[in-house]
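A.B. asks: Just to be clear, the model below is a prediction. Sequence and coordinates:
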Amino acid sequence: EEVTKAVQYEDNNNTSLSIRAAAGPIMSNMTVGGVAGYCAGTAVKKVSKAVATVVGMSFLALQLLAFNGYVVVNWDKIEGDIRSIFDKDGDGKVDTEFWQSQMQKVMNYQLPASFAGFGVGFGLGLRYA
């Protein structure tokens, strides 16, 4: 009985070692890409929050100046200019699919295979950082 337990343990141990040996390079590649993706996602989240704050504060300042009569703001012109930047097919709506595909192209451009987990890490960085 002791011998069969030792043989079973040795067999399980060898299987475990062979699985670990095969999965090692894959997991290290996923880890490198995942960590880089998480860092990039965290940075994008922080920068986008800062940009949103600046845009919001600028709007409030401009609106306050307009309210007090210091400036006259042509909101129709501003809306048209912004829409022309984000509306790529001219239908009057922001093309979210276009911008998502552009972001994906930029994020995946010339990444080596070792960055296989980049997308997952990026999503986690955006979500949980």
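C.D. replies: Ah, there it is.
A.B. asks: Give the burial count for G33, as a bare number.
C.D. replies: Neighbour count for G33, taken as other CB atoms under 10 Å: 22. Where you see a C-beta, it was placed from the backbone N, CA and C, and this is true even at glycine.
A.B. asks: Can you verify my assumption that it contacts F118?
C.D. replies: Yes: under the criterion of CB atoms under 8 Å, G33 makes contact with F118 at 4.1 Å.
A.B. asks: list residues touching both of those two?
C.D. replies: L111 (CB atoms under 8 Å, 6 or more residues apart in numbering).
A.B. asks: tell me which helix or strand of the chain sits lowest on mean pLDDT?
C.D. replies: Lowest by mean pLDDT, DSSP states H and E among the helices and strands of the chain is helix 2-67, with a mean of 73.
A.B. asks: Could you point out the helix or strand that follows it?
C.D. replies: For helix 2-67, the following helix or strand on the C-terminal side (DSSP states H and E) is helix 75-86.
A.B. asks: Give me the contact list for that following helix.
C.D. replies: With CB under 8 Å, 6+ apart, helix 75-86 has contacts from G92, V94, D95, W99.
A.B. asks: Go through the residues you listed and flag which are in helices.
C.D. replies: When DSSP state H is applied, the contacts of helix 75-86 are split such that W99 fall in helices.
A.B. asks: Make a markdown table out of the contacts of helix 75-86 and add pLDDT.
C.D. replies: Formatted as a markdown table, those follow (pLDDT from 0 to 100):
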| residue | pLDDT |
| --- | --- |
| G92 | 72 |
| V94 | 75 |
| D95 | 74 |
| W99 | 77 |
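A.B. asks: Of the contacts of helix 75-86, which count as buried by neighbour count?
C.D. replies: Taking 16 or more other CB atoms under 10 Å as the criterion, nothing in the contacts of helix 75-86 is buried.
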